[in-house]
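Participant: Give the three-dimensional model of this entry:
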Amino acid sequence: PPPRPLPRGLWPERGAVPRRCAPASVEACAPRVLLRTQDYAVLCKPPDVRMDGLHDSVTMDTLARAWLPDATIKYCHRLDYGTSGLLLGALHSRAAAAAGRAFEDRTTRKTYLGVVAGVVRGAFAIDYPLATSDGFRVRVGGAGAKAASTRVR
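Facilitator: Numbers count the residues shown, from 1 in each chain. Here you go, the predicted model:
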């Protein structure tokens, strides 16, 4: 079957390379709040943006403060520096606790979609443990590696 089209507005047009954000200022990165309820906000994290920390660059904390100035976000999970994607943020402690329990009890999960160029012939699985070597770069195997599985179809 042909590949399903990606939702418009969340990802670059088919065949386009995702625009790297890594803004020097908050104003350089367009607001990306995809959903807001009274309990949660869903934010779209650009690639090459850290979640938090004392850095001279923009972080998801600084972007969230700019995009949602009336809210304090408690992230329910994290995404790696180089990874773009959706982040679930709780808007109060009860919502954060409920989401934390859901992740802990495995009644919810994170799913990653890798968009690549080229031709894949047939479906297959890649099962290798992964770890970070410096907190940002991912490597296969070694001390602290965790089980990881990738399904290609």
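Participant: Any idea how many residues pack against Leu54?
Facilitator: For Leu54, the tally of surrounding residues (other Cβ atoms under 10 Å) stands at 5. In short, each C-beta sits where N, CA and C put it, glycine included.
Participant: what bits of this structure have low per-residue confidence?
Facilitator: 1-24, 55-56, 133-136 (pLDDT under 70).
Participant: which residue packs closest to the residue most central in space within it, ignoring adjacent ones?
Facilitator: Centroid-nearest residue in the chain, with Cα atoms, centre = their mean: Gly85, separated by 3.4 Å. Nearest residue to Gly85, sequence neighbours excluded (Cβ to Cβ, 6 or more residues apart in numbering): Leu79, at 5.4 Å.
Participant: Equivalent analysis for Gly144, please.
Facilitator: Ala131 (4.7 Å).
Participant: likewise Ala143?
Facilitator: In space, Ala143 is closest to Ala131, 6.9 Å off (Cβ to Cβ, 6+ apart).
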